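Engineer: build me a model:
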Amino acid sequence: AGLDRTRVVEDAAHGPGAARGGVRVGAESHAACFSFYATKNMPIGEGGAVATDDPDLADRIRSTRLHGMSKDSWKRYLPGGSWRYDVRNVGLKANMTDIQATIGRAQLGALQGWQDERAELVRRYDEALGGLPGIVLPQRNLDGITHAWHLYQVRVPDRDALIAELTEAGIGTSVHFIPVSHMSGYRELIGPDECGAVPVTDRIAEELLSLPLFPGLTAAQQDRVVDRLTGALRRRPALAG
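Structural biologist: Numbers count the residues shown, from 1 in each chain. I've put the predicted structure just below:
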C-alpha cells in the first residue's frame with residue numbers, strides 16, 4: 001500500500017528464524033520487537049529485544065528502558081567515567097538482566113537447529129492431517145518465505161469439546177488467540193457495536209486450535225497427538241460419513 005518499510009516497527013515476537021526472500025525478519029524495518037518469553041522460539045525465560053540500525057533510536061531505547069537515565073552503571077563506573085548522569089525523559093525499568101542476556105547469547109547458537117526441528121514437525125503434521133475431513137491446516141502460500149513456526153494452528157469444528165477430549169488424553173493444546181473484541185476491557189473501550197462488526201473473526205475464533213509444537217517433541221509423541229485428534233474428529237456426527 002505504499003508504506004515505507006524503513007519506517008515500520010515490526011511486532012516480531014513470534015518471528016525469530018523467519019525470513020522473506022532470504023531476508024531475516026527485522027532486517028528491512030525501522031525496528032523489530034522480539035520476545036524471549038519461555039514459550040517463544042528463542043526462550044530465555046522472560047524479556048525481549050528491539051533491533052534497529054538507527055543509532056538515535058537505539059540510544060533512546062537504551063535510555064528509556066532504564067528510567068530514562070543518560071548513562072547506565074557500566075558507563076558510569078568504567079575507567080574515566082563519572083558518577084554524574086541525567087534523566088532527560090521519564091522512562092521505565094525494563095532492562096534485560098545480564099544473566100538473561102548470557103543465556104540468550106548461548107541460545108542463539110541453538111536457534112537454527114530448533115527451527116529445523118519445528119519445520120520437520122510441521123511437515124509431519126501436514127502429511128498426517130492433510131486428508132482429514134473437517135480440519136483446515138495453516139496457510140501454505142509460502143513461496144520465498146521461511147516460516148518461524150512458533151505455532152501450528154488448525155481450524156476444527158466443535159473446538160472446545162475437542163480440547164476437552166485431548167486434555168483428558170493427556171495432550172495439552174491452546175487457542176491463539178482470543179480476539180480483543182471478546183475481551184471485556186476492549187468491549188468497554190470500543191463499544192458493543194464495533195465489537196459485533198467482525199463476524200468472520202468471531203467465527204474463526206471458535207475454530208482455532210494450536211497443536212503441540214516445540215523442539216524435543218518426539219515422532220512418537222506427535223503421532224499420538226495425530227491419532228487422538230483424528231479419532232476425535234471422526235467421531236463427530238457431521239464428519240462421520
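Engineer: and the residue of the chain positioned farthest from its centre, what pLDDT?
Structural biologist: Within the chain, the residue lying farthest from the chain centre (CA atoms, centre = their mean) is residue 80, at 42.5 Å. pLDDT for residue 80: 85.
Engineer: can you confirm it is in a strand?
Structural biologist: No: read with DSSP: H, G, I helix; E, B strand; the rest coil, residue 80 is coil and lies in no strand.
Engineer: for this protein, which segments count as helices?
Structural biologist: Per DSSP state H, the chain carries helices over the ranges 55-64, 73-77, 98-129, 159-168, 184-190, 192-195, 199-205, 219-234.
Engineer: in the last one, what's buried?
Structural biologist: Neighbour counts using 16 or more other CB atoms under 10 Å place 222, 225-226, 228-229, 232-233 of helix 219-234 among the buried residues. Every C-beta, even on glycine, is put in place using the N, C-alpha and C of the backbone.
Engineer: what angle separates that helix from helix 98-129?
Structural biologist: Per axes from the mean of the first three to the mean of the last three CA atoms, to 10 degrees, the angle that helix 219-234 makes with helix 98-129 is 50 degrees.
Engineer: how far off centre is helix 219-234?
Structural biologist: Per CA atoms, centre = their mean, to the nearest Å, the displacement of helix 219-234 from the mean C-alpha position of its chain is 24 Å.
Engineer: now the angle from that helix to helix 159-168?
Structural biologist: Using the same axes, to 10 degrees: helix 219-234 against helix 159-168 is 140 degrees.
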